[in-house]
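>>> need the 3D shape of this:
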Amino acid sequence: MQKRRLLLVLGIVISALTGWFFATRWDSPVTGDQADAPPKKSGVFRIAFGSCNKQWKPNPMWKAILNCKPDVWIWLGDSIYAPTKDMAYLQSQYKLQKGKPEYQELTRNCRVIGTWGDNDYGMKNGNRSYSKKAESQQLFLDFLDEPADSVRRKQQGVYASYLFGESGKQIKVILLDEYYHADEPSADSDLLGEEQWSWLAGELQESRNKVVLLGSSIQLLPSEHPYGHWGDFPKSRQRLLSMLSEVKPKLTVIASGDRHLAEISRSDDSGLRYPLYEITSSGLTHHVDSIYHVRSFFSPERNRYRVGSLLYERNFGLVDIDWSSGVPALSFEIRNQENQIGLQESFPSFARPWP
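Numbers count the residues shown, from 1 in each chain. So this is what the prediction gives:
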């Protein structure tokens, strides 16, 4: 019995030290320039994305992201951390983030779009009960420099779609809002609201012959961990997966955030004619702490869809859509603040002709 207790204590100490290592190893200041990314090839459209950004902390990632020369940057939630009902305070925190010189350089050099998470929505683990959601929506859209006449200014929720690329080589980016209309989590709860479901169905139908990047602030495929994900709304999760299976866009990839870690997931049983990938990137200024590592020592995080390992560093994601061969080939990367590749996966174009 005493030996078992000793091993238990030793395990806790080792796990805590592991957490401390991960919490400090990548939080030290970067010295010198990050390595430049390889030049993009002609015919490649590059999307960079990330989530979980504390506005009061240093933002070392923007230089690395700029060195990748993305065509588009996507916020996938928690662009700032300011859960509050004080709209003056929320506005001031967006102003703090927007005033950072490195971030301003990003906005000058590529298109910036996005959706929100709970911490920029204004309510931790937020849902439709948040009393300031209409006011918060306008402040978030101000942060993104959304035009005054934008449909996003008039609708309830920040969901949106964007079409990039030339005819025949287009990618549709669809960003979901998982807070404005969300119920409390339960077996029959709804996450999107009927208005957004109807909109999403139309967007997917219109995208049958396009590459689709579906942006979600929480994870869709992984549902075995104890943190927030679509699996907390099983009816909604199945509804979305069934919708994708029925519409069958030419090629679909999911980008998600929220987790304070990174991973790549792949489903081969989604009902699509190709593997369904999800790339999770989080966070930009921080990552999982020692408490997470202690918990993981006793109960390692499961994900039956995971490809490779979990990445415990500050990170951002990249999706490259290569049209040089005439049909789209996708590659996915997770990079750290020094622009080093931590995770990667490729999805080459099919050998057989596209249906």
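
>>> where does the stretch 1-150 of the chain dip in pLDDT?
Counting by pLDDT under 70, the stretch 1-150 of the chain has low-confidence residues at 1-40.

>>> and the strands in it?
44-50, 72-76, 111-115 (DSSP state E, counting those that start in this stretch).

>>> neighbouring strands of the first one in the sheet, and parallel or not?
When you say that, I think you mean strand 44-50. Paired with strand 44-50 in the same sheet, following DSSP bridges, are strand 72-76 (parallel), strand 316-322 (antiparallel).

>>> list the buried ones in that strand?
Phe45, Arg46, Ile47, Ala48, Phe49, Gly50 (16 or more other CB atoms under 10 Å). The way it works is simple: take the backbone N, C-alpha and C, and place the C-beta from them, glycine included.

>>> ok, stretch 155-175 next?
155, 157-161, 164-165, 169-175.

>>> now stretch 121-136
Residues of stretch 121-136 classed as buried under the neighbour-count rule (16+ other CB under 10 Å) are Tyr121, Gly122, Met123, Gly126, Asn127, Arg128, Tyr130, Lys132, Lys133, Ser136.

>>> how about stretch 210-223?
For stretch 210-223, by 16+ other CB under 10 Å, it's 210-223.

>>> what about it, distance to the chain center?
Counting by CA atoms, centre = their mean, to the nearest Å, stretch 210-223 is centred 8 Å from the centre of its parent chain.

>>> mind listing what the closest residue to Gly283 other than its chain neighbours touches?
In space, Gly283 comes closest to Cys52 once its chain neighbours are excluded; the distance is 2.9 Å by CB to CB, 6 or more residues apart in numbering. Cys52 sits next to Gly77, Asp78, Gly117, Asn119, Gly257, Asp258, His260, Ser282, Gly283, Leu284, Thr285, His286 when contact means CB atoms under 8 Å, 6 or more residues apart in numbering.

>>> tell me which of those residues fall in helices.
Counting by DSSP state H, those place Asn119 in helices.

>>> what is the nearest of the contacts of Cys52 to Thr107?
Leu284 (15.0 Å; CB to CB).

>>> my guess is the closest one contacts Asn59, does it?
Yes - the pair Leu284 / Asn59 is scored as a contact, 7.0 Å apart, by CB atoms under 8 Å.

>>> neighbour count: these two, which is higher?
Counted by other CB atoms under 10 Å, Leu284 and Asn59 do not tie: Leu284 has more neighbours, with 25 against 20.

>>> if I look at the residue nearest to that one when sequence neighbours are not counted, how far off is Asn119?
The shortest distance from Leu284 to any residue other than its chain neighbours is 4.3 Å, reached at Asn53 (CB to CB, 6+ apart). To Asn119, Asn53 is 9 Å away according to CB to CB, to the nearest Å.

>>> then Asp145?
From Asp145 over to Asn119 (counting by CB to CB), the distance is 20 Å.

>>> sorry, back to before: dump the buried residues of strand 44-50 into a markdown table; add distance to Arg111 as well.
Below are the buried residues of strand 44-50 laid out as a markdown table (distance: CB to CB, whole Å):
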| residue | distance to Arg111 |
| --- | --- |
| Phe45 | 11 |
| Arg46 | 11 |
| Ile47 | 10 |
| Ala48 | 11 |
| Phe49 | 12 |
| Gly50 | 15 |
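
>>> let me see the ranges of the strands in the stretch 151-300 of the chain.
160-164, 171-175, 211-216, 251-256, 262-267, 276-280.

>>> on contacts alone, who are the packing partners of the fifth one?
Read that as strand 262-267. Judged by 3 or more CB pairs under 8 Å, 6 or more residues apart in numbering; DSSP states H and E, the packing partners of strand 262-267 are strand 276-280, strand 306-311, strand 329-335, strand 341-347.
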